[in-house]
Every structure is written in structure tokens, then in C-alpha cells.
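In: Compute the structure for the input listed below.
(one chain, ligands or ions: 1)
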Amino acid sequence: MWSKLIVDMNTLSVSREPLDEDFRELGGKGLIAQYMIKNVPPQCDPLGEQNQLIFCLGIFAGTSFTTAHRLSVGGKSPLTGGIKESNVGGYAGTLLAEQGIKMIILRGLPEKEGPSLLHIDSSGKAELLDAAEYKGMGNYDLREKLAGRFGEKVATITIGSAGEMGYRSASIHVSEFGAGHPSRAAARGGLGAVMGSKGLKAIVVEKPTVRFKVEYADEGKFRETCTLVNKVIAQGAQNDPFHNIGTISTIEVTGANGILPVDNFSGKLFPAYQEVGANKFLTNLATRGGKNKLACQPGCVVQCSNCYNDANGEYLTSGFEYETIALFGPNCHISDLDSIARMDRFCDDIGVDTIEAANAIAVAMEAGKLPWGDVDATLALLSEMKEATEFGRILGDGCEAVGKHLGCKRIPVVKHQAMAGYEPRNTKGTGITYATSPMGADHTAGLTMGRAFDDAGRAAQAYASNKLQVAMCIADSMMCIFAFAHVVPVMPKLGEMMDAMYGGNYGFPRLAAMGVKTLLTERGYNKMAGMTDADDRLPEFFYKERSVATGSVFDINDYELEVLFDF
Ligand code: SF4
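Out: The predicted structure is shown next:
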């Protein structure tokens with residue numbers, strides 16, 4: 001039977017208990033929502049005693065289903081003030097599944113000075129150890145020290161100095177499969193600050209000597225269906241630019257269609273977008289010994305990840321993604337890929353969300369704090385977060401904090417969270433998702449970008465956002481969304497896998513219901529936390545300023561946003 005680890009930071013004790021029967025069929029985002037609504041008061045202080053930080057596995061954890069070992073991290077967000085689920089690849093989910101640990105729950109606040117680390121050894125024993133020697137360390141140095149102490153093959157979950165300092169953009173970093181770089185981030189919503197508030201610097205998971213075996217209602221049926229679905233995903237991935245290039249390939253679509261944000265979501269075009277596009281990226285990989293087609297977790301057949309070296313062939317960063325490139329690139333008027341890679345490495349090291357940091361820099365550029373496109377000034381300003389200067393602390397609290405401090409009127413946030421790399425005036429369904437997602441402006445909650453939707457009118461965009469937000473709740477409960485994209489031809493098979501694993505004969509409606517319930521639970525939580533319809537809106541300038549690229553404004557009216565979830 002699956003276990004949960006309860007880590008009480010107040011008493012510095014750890015107990016291992018059977019997973020609650022109520023949560024047996026849940027995983028990932030769905031499990032976070034149901035746990036939070038029952039156990040974490042919506043009105044609590046996100047950095048206070050009553051908030052909890054939850055790490056959990058997906059519905060098919062422990063099986064051979066591709067990408068089944070994403071790790072969901074949840075809690076009340078210090079950035080949005082609402083419920084937050086942020087999920088991440090890397091190796092930790094796989095080793096937690098082999099340990100038979102479906103959830104880790106952090107409770108309370110520590111009384112003692114200095115951070116702790118949670119160590120789960122190869123026999124399954126879990127204990128808190130003193131981590132004073134790692135205080136203030138960046139994720140890269142920390143990973144190296146932990147690998148030196150516990151072995152190169154451990155998986156680590158860590159925070160950098162940003163999490164320790166309580167920055168509201170602080171992320172949580174998981175070591176990638178293989179090289180072990182701490183470059184996979186549960187980035188959004190400041191959950192790194194929640195981990196920091198609880199005084200936990202790291203979780204170290206060893207490979208168990210005896211591997212946990214999951215239970216199946218019908219193991220033969222599960223294996224047969226799972227093999228078929230894995231094959232379909234693998235075949236689909238062969239023609240997927242995310243596999244053949246990486247997520248940077250998105251630039252070729254957004255840059256050409258006015259969807260790439262430019263100069264703080266000004267709506268302008270950025271003719272030089274290919275300077276930070278796929279060809280440049282692939283050339284740099286080929287000439288410097290970098291790599292793409294890497295799997296961030298064992299068993300992933302999509303393999304969208306990468307390792308990016310500098311001009312001398314030295315490792316610079318990995319998991320170098322479209323969002324970081326679009327937002328530190330054209331949205332800050334920067335067109336040098338190596339400089340953006342340095343910004344990515346810096347943010348990964350101190351542990352902040354690159355989407356939040358890059359948007360904050362763009363807003364600061366608009367306010368005149370630094371010139372557009374100035375790489376050195378950007379790196380210097382980012383360094384202030386590490387040095388904890390007065391402005392560095394504001395920057396660490398994200399885009400809205402910087403915009404308000406500098407008196408900027410155009411701040412691209414929803415529910416206090418900065419927008420991802422898609423211009424909502426030119427992919428309106430994505431704008432509807434930004435506005436209405438319980439997570440705040442979040443592309444992973446339902447990215448509708450695509451001409452079929454974008455050309456089909458407002459009603460189609462609302463329909464697409466609604467359906468995709470439900471679909472992403474399903475995906476984030478069981479797998480990586482990039483693999484989920486290839487399941488479409490055999491979608492009902494996921495329901496059959498669910499029945500073969502947990503029993504019953506419900507088929508896909510069981511998953512559809514779970515997706516709807518997750519979304520409504522998250523919205524209910526936010527309402528109890530004090531959010532209203534007014535929080536489901538885009539910033540005013542998207543309704544008033546026309547996109548220079550297309551002449552479009554975000555013209556989805558309030559009523560259309562308010563009825564989106566009247567299922
Ligand atoms: S598709 Fe990419 S992000 Fe998703 S699990 Fe595979 S390598 Fe990781």
C-alpha cells in the first residue's frame with residue numbers, strides 16, 4: 001500500500017503512514033486540490049504555521065506508463081494568495097514511487113534557527129538532518145554537496161537562497177535524470193518560499209534496495225493497454241518539434257503570428273526573433289557539444305529536454321525552455337541566446353521563476369530603470385536578488401511588486417502572477433485561460449494557441465479554454481502535458497487504464513469528472529480565500545491597446561468570462 005510522509009517542522013519529526021483511502025484514486029493536481037480543501041485553511045498566511053507544502057505523485061505512479069513520474073507540488077501561494085499546484089519533471093518522482101511514498105506533507109514552522117534536510121535512505125527510513133552548512137547556498141552548489149555526501153545517484157529537491165529569503169517568486173528545483181543538474185523547476189507561485197518558511201532546504205531521495213510494487217485491479221489488462229498507449233505517444237513524438245528540437249521551436253510559430261510578447265507585451269513584432277529561435281539553438285548545440293532529445297525523467301518517450309553549453313563548450317544550463325527565451329528575449333528586447341541562457345542559469349541557481357523574473361525586468365525596462373535590451377544591466381539587476389538589496393528583494397517578489405514600486409501602469413499579471421510567453425490579444429483562448437485559471441496567468445492551465453482556434457471566433461476560443469482547462473487538470477494528475485498531447489487519438493484508453501488499475505468499469509467519464517471536480521475545487525478554494533469575479537480579468541491595457549502586429553484587442557467581455565465554468 002502507498003504511504004505518505006508527514007513531516008512536522010515544529011517538532012522536527014517524520015512519520016510514515018498509509019495513504020488515506022479517500023486519496024487512493026487521486027494523484028498530482030487532483031490530489032493536491034482535494035487535500036488542500038480538506039486540510040489547509042483558505043484564509044491562512046501562505047508563509048505561516050497553517051499552510052502546508054505537499055509533494056505528490058500522479059495517478060499512474062509506479063507503473064511503466066511514460067511520464068507517470070511528474071512530481072506535483074502544492075500549497076497556498078504567497079504570490080497569488082490562492083491555491084497553487086506546480087508540477088515538475090526530474091528524477092525525484094521516480095525514486096519516491098520506488099520507495100512507495102505517494103505524498104510528502106510538510107506542516108508547521110520550525111522553532112530552531114537554520115535549515116533542515118529530509119533524507120530518505122535506501123531502506124525507506126526518513127529523517128530530518130541539520131542543514132546549517134548549506135544555508136544560503138545556490139541550487140547548483142547544493143546539489144554538488146548533496147551528491148558528494150549521499151551519492152551521485154540520489155534525486156534531490158532543493159531551494160536556493162531566494163526560497164530561504166521568502167521571495168514570492170521562489171521556485172523548487174528537482175535534479176534531472178542522468179546528469180543530475182538541479183534545472184527542473186516547480187517554478188510558479190512562490191512555493192519555494194513556502195519550503196523556505198518551513199525551514200526545509202532540501203529533500204534527498206535514495207534508490208530503495210527493495211522496490212515498491214503497485215497494486216492493480218487487473219494487471220494484465222493494465223499492461224496491455226499501457227503498452228499500446230505508450231506506443232501511440234512514442235509514434236506521435238517522432239514528428240513533434242518538442243522532441244526534434246525542444247520547446248524553443250515554439251518561437252517559430254509565435255514570432256511569425258504576433259503571439260510572441262515583445263517589449264513588455266507592447267503588441268509589437270520582433271523581426272529578429274529567429275536570432276533566439278530553433279536554428280540558432282540547434283547550431284549552438286551542434287558546434288559546442290550540447291544536446292537535445294533528452295529525457296528529464298526515466299521512461300519519457302517525448303524527450304524534449306536539453307543541455308546547453310557556452311561558446312567554450314562548458315555546461316551553461318539545461319531545461320532551457322521557450323518561456324524563458326521568449327520572456328528574457330524579445331519581451332526584454334534581447335536577441336542573444338547565450339545571454340538568455342546565462343539569465344536562465346542564474347535564476348535556476350538562486351531559485352526563482354524565470355517567467356516572473358523576466359516579466360519583472362521588462363516592466364523595469366518600461367519604467368526606465370534600465371535600457372531596453374541591455375544584457376549587462378539585466379544581469380546586474382538579477383544579481384541584486386542574490387545580494388538581497390532593497391530593489392533585489394522587490395524583484396524577488398515578482399513582476400507586480402516591481403511594477404507597483406516603479407509606478408508602471410502596464411503590468412502583465414493575473415491574480416498577481418506574471419503572464420507566460422503568449423500575447424493574449426492574438427491567442428484569445430489563452431487570454432481566457434490566463435484570466436480564469438485558478439492558478440493565475442498560467443499557460444500550462446490551457447494553452448489554446450493554434451489557428452484552428454485563433455481564427456474561429458470568440459465562442460470557439462471560450463469553448464477551447466474551457467475544455468483545455470479540464471483536460472490539463474486530467475493531464476496534470478497523471479503525466480507530462482507534452483506526452484498528453486499525443487494521447488488524443490486513444491484518449492478513452494486512459495479511462496481503461498484507470499479501471500484496470502483501480503477497479504470498476506467507468507471508462508473515460510471517470511477522468512472527465514475528476515478533471516471538472518479538480519477545477520471547481522480549486523475555484524472554490526480561491527473563493528474562500530477571498531477572490532472574486534474581479535480577479536478573473538486581464539489587466540486593462542489588453543482591452544484598450546491594439547496589438548500593432550494584428551490590430552486586435554482582448555475583447556472577451558466580463559459575462560463571457562463569468563459563465564466559463566457554468567458546466
Ligand atoms: S516531455 Fe519533456 S518535460 Fe515532459 S517528462 Fe519528457 S523530458 Fe520532461
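
In: how far away is residue 437 from residue 153?
Out: 37 Å (C-beta to C-beta, to the nearest Å). Every C-beta, even on glycine, is put in place using the N, C-alpha and C of the backbone.

In: who has more neighbours, those two?
Out: Remark: of residue 437 and residue 153, residue 437 carries more neighbours, 24 against 12, as counted by other C-beta atoms under 10 Å.

In: dump the residue contacts of that one.
Out: Contacts for residue 437 were tallied using C-beta atoms under 8 Å, 6 or more residues apart in numbering; they are 414, 445-446, 469.

In: tell me which of the residues you listed is nearest to the ligand?
Out: residue 445 (16.3 Å; C-beta to the nearest ligand atom).

In: Surely the closest one and residue 469 touch.
Out: Yes - the pair residue 445 and residue 469 qualifies as a contact (C-beta atoms under 8 Å) at a distance of 5.8 Å.

In: Check the contact lists of these two and give me the overlap.
Out: Residues within reach of residue 445 and of residue 469 at once, by C-beta under 8 Å, 6+ apart, are 433, 437.

In: Now do residue 197 against the ligand, distance only.
Out: Plainly put, residue 197 is 28 Å away from the ligand if you go by C-beta to the nearest ligand atom, to the nearest Å.

In: Give me the subset of the contacts of residue 437 that lies in helices.
Out: In helices, judged by DSSP state H, the following of those are found: residue 469.

In: got TSV for the contacts of residue 437, with distance to residue 290 too?
Out: Listed next are the contacts of residue 437 as TSV, based on distance: C-beta to C-beta, whole Å:
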residue	distance to residue 290
414	35
445	31
446	32
469	35
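
In: can I get the contacts of residue 437 in CSV with distance to the ligand and pLDDT?
Out: Formatted as CSV, the contacts of residue 437 follow (distance: C-beta to the nearest ligand atom, whole Å; pLDDT from 0 to 100):
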residue, distance to the ligand, pLDDT
414, 24, 98
445, 16, 96
446, 17, 94
469, 19, 97
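
In: which parts of the stretch 201-350 of the chain sit against the ligand?
Out: Residues of the stretch 201-350 of the chain lying close to the ligand by C-beta under 6 Å from any ligand atom are 295-297, 300, 302-305.

In: do the chain as well
Out: 67, 89, 295-297, 300, 302-305, 480, 482-483.

In: Among the residues you listed, name the buried ones.
Out: Those of these that meet the buried threshold are 67, 89, 295-297, 300, 302-305, 480, 482-483, by 16 or more other C-beta atoms under 10 Å.

In: Let me see the contact set for the spatially closest residue to residue 508 that is not a sequence neighbour.
Out: Once flanking residues are discounted, residue 508 sits nearest to residue 495: 3.5 Å by C-beta to C-beta, 6 or more residues apart in numbering. When contacts are counted by C-beta under 8 Å, 6+ apart, residue 495 touches 506-511.

In: now, among these, which is nearest to the ligand?
Out: If you rank the contacts of residue 495 by distance to the ligand using C-beta to the nearest ligand atom, residue 511 comes first, at 19.3 Å.
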